[in-house]
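Undergrad: Sequence below, structure please.
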Amino acid sequence: MKGLLKKSSMLLLAVAMVIMSVISVSASQATSYTYTLDDESEYVRTQDAYLPDRTITGIGLSNASDMFIDKDNNAYISDTGNSRVLIYSLDKEKVVKEISKDTVKDKRFSGFNQPMGLFLTNAGELYVADTGAKTVFKFDKDLNYERRYDKPDAPIFADTNYEPIKVAIDSGDNLYIVSEGVYNGIIQLAKTGEFLGYFASNKTVLTPQQVFLKMIYTKEQEKNSALLNTTPTTFSNVFVDVHGAAYSVCMGEGEDLLKKHSTNGSNMFTNPVVCTENMTDVWVDGDGIIYTSDTDGFINVYTREGELIFSFGAQVSDLDVSGLFKSLVTIAVDNKGNIWTADGEKGYLQSFIPTEYATTIFHALKEYEKGNYDEALANWSYVLRLNQMSVLAHNGVAKAYLNDEKYSKAMKDFEIAGNRAGYSDAFWEVRNKAIQKYLGPFLICVLILIVLKIAFSIFDRKGKFKKKRKSLYKKLGKVPVLSEIGYAFKCARHPIDRYYDIKVNKHGSPLAALIIYVVFFGVYMWYQTGKGFIYQYTDVEDMDMGAVIVGFFAILILFIICNYLVTSITDGDGTLKQVFMIPAYGLMPVMFSMVITIGASYVLTYNEAFILTVIMMVGTVWSIATIFEGLATVHDYEFGRTVVSLIITAVFMLIAAIVVLVVLIMWDQLSDFLVTVGKEVIRNVTGG
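TA: Presented below is the predicted three-dimensional model:
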């Protein structure tokens, strides 16, 4: 009986193992986290967007470098190490064809050398970029060899390196070729092989350090300096979608590593695109969703506008974990929406299936593009039930409300998503309706006030109320502190005369100046944190209040002391008390500009942003001119000497700041030394 049970158990175990070996294994959970962006454009965890599904091994891939999936779910793979192109049926799970020297009978085809990139047109024609052979091979829709595209013979192209690594074809059969070591851009050839020029190029933006070095370096120093290497980054891949739009990716640093190109090659993404630094491939599906791969194992998914939807993946070295890569070289999407990738070093294909969370977002984006805003809103609302803080979902809800003319609701979700441009568009509509509704009553109120003012003037012909008002102003003017604070308004209007009064001690007081400084700091902090949402980029919780307070008053005190010391040795007449008061009495214009800007920021949209800029510019220039005139008057300087004294003051301030920093660093080291010595003395005395 025991023997029978043992045999039965072994038989059941064997059957189970056979069943498991023939069934496709799907992961129950993701092997890496999924991230998205919050309203501050920082990465945050979100629900799993894709789960690892099938891992295809055993098809003999060696250093696979590119992949393309056709409408029938056949994957065309450039098997670089084996000098062939492999066609693998994702549905039938088997190799259906191989393109190589041995399988192509055309004598004109000498075989692949190093096939690095491939592209399949809508008509089914296959193009293969062969780096080793320095050409691009073309095969017809039946995969018969047709021709090759060698280096163009145009004189302008003579010195250009021609080693194609990636290729894409547009609807006019023009070729877009990424060549090894070409910094001028993507090579564009006509279907006849004629060189059309460089389709797009990367620009180098100099850092402030590089700008400074170029100003002081000689030509020879610029040539030998590693810091002045201004060679632009090269493209790593190019793709043309089913609608004919071209996309490209680059390796390096910057906010334009992923581009969607217009017909003249310029980047159509108006906002910075969040990218990884080692992107290897880009794919765009029929709905405009953009997918990119990164050699470090990361996959990014974007909307058609370049807004990041998901980012997931991770890099491993030796572990064989489903969904993780040692070298992720290419990405493609099949007709079921599954992502397919290839590991260039380990030689396997890996698929990912979208979760309900991902498919709901894709459906919402698709319905919005179709103009079905109610359906899009329903999908986005479901996404918010899964993830209440999804910035993408709040943006989607807001856009749906905006197109459905529910502007107030759109404003709310745009604000949660941190989308100031969208908020501005919705607010413009809300403001427009408010103006139309309340403009009539407002004008009536203005008219009533004008009539009342005229009636009051007629009633008060003898000016009794006017005299009482002047009497009140005189009484307030006799209050010392209020009088001296109010004197700042006079300085802004007539700086020369009023600062002369300060110089001869007729007006102004240090106490009033101190109060003005404190009030100005309060207004400044209000300006930094209290503007309307459209113009408010800094949150109070993100500010180091201690550093701001110390920095503000430290710079102020440093300026006062340094300017007094500089003018003391350059025959300036101003005293320390007067130098302390001068900036305070010149701050009124900029202070009022800040207050006006704060109020206006709640009623202006992005279209009127220039108004706030003008207000702040006028106030700032007015205050600088007033303070400058005050220093010149108090110190009895001409214009040139005043400028020189301010330059020397700035230099002294910089030196003083450096000295203080050095002292603080040395004090930390000294205190650590004293503490160490003290502990050693105590240990020796106590014997501990």
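
Undergrad: At which residues are the strands of the stretch 101-250 of the chain located?
TA: Along the stretch 101-250 of the chain, counting by DSSP state E, counting those that start in this stretch, strands occupy 115-120, 126-130, 135-139, 145-149, 164-169, 175-179, 187-189, 195-198, 235-240, 246-250.

Undergrad: which of these sits most buried?
TA: Of all the strands of the stretch 101-250 of the chain, strand 164-169 has the most neighbours on average by mean count of other CB atoms under 10 Å, namely a mean of 27. Bear in mind the C-beta positions are built from the backbone N, C-alpha and C, glycine included.

Undergrad: Can you list the helices and strands that that one packs against?
TA: strand 115-120, strand 126-130, strand 135-139, strand 175-179, strand 235-240 (3 or more CB pairs under 8 Å, 6 or more residues apart in numbering; DSSP states H and E).

Undergrad: Figure out which of those strands is closest to Arg304.
TA: strand 235-240 (13.6 Å; CB to CB).

Undergrad: now what about the closest one, what contacts it?
TA: Strand 235-240 is contacted from outside by 117, 119, 166-171, 176-178, 185-186, 200, 202, 246-251, 279-284, using CB atoms under 8 Å, 6 or more residues apart in numbering.

Undergrad: before we move on, the earlier item: dump the helices and strands packed on strand 164-169 into CSV; add distance to Leu612 as well.
TA: Shown next, in CSV, are those (distance: least, CB to CB, whole Å):
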stretch, distance to Leu612
strand 115-120, 49
strand 126-130, 52
strand 135-139, 54
strand 175-179, 44
strand 235-240, 40
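
Undergrad: which one of the ones you listed lies closest to Trp428?
TA: Between the helices and strands packed on strand 164-169, strand 235-240 lies closest to Trp428; by CB to CB that is 36.8 Å.

Undergrad: Each with direction, which strands does that closest one pair with?
TA: Using DSSP bridges, the strands paired with strand 235-240 are strand 246-250 (antiparallel).

Undergrad: can you tell me the average pLDDT over the strand it pairs with?
TA: Over the span of strand 246-250, the pLDDT mean works out to 94.

Undergrad: Determine the longest helix present in this structure.
TA: helix 639-686 (DSSP state H).

Undergrad: Point me to the helix or strand that includes Thr620.
TA: Secondary structure from DSSP states H and E places Thr620 in helix 609-635.

Undergrad: any idea how far the residue positioned nearest the centre of the chain lies from Ser266?
TA: The residue lying closest to the centre of the chain (CA atoms, centre = their mean) is Pro272, at 4.6 Å. Distance of Pro272 to Ser266, given as CB to CB, to the nearest Å: 15 Å.

Undergrad: one step back: isn't the residue nearest to the centre of the chain right up against Asp256?
TA: Yes: Pro272 is within contact range of Asp256, at 7.5 Å (criterion: CB atoms under 8 Å).

Undergrad: what about the residue nearest to Tyr382 when sequence neighbours are not counted, distance to Ile309?
TA: Setting aside the residues directly before and after it, Tyr382 is nearest to Thr360 in space (CB to CB, 6 or more residues apart in numbering), at 5.6 Å. Using CB to CB, Thr360 is found at 12 Å from Ile309.
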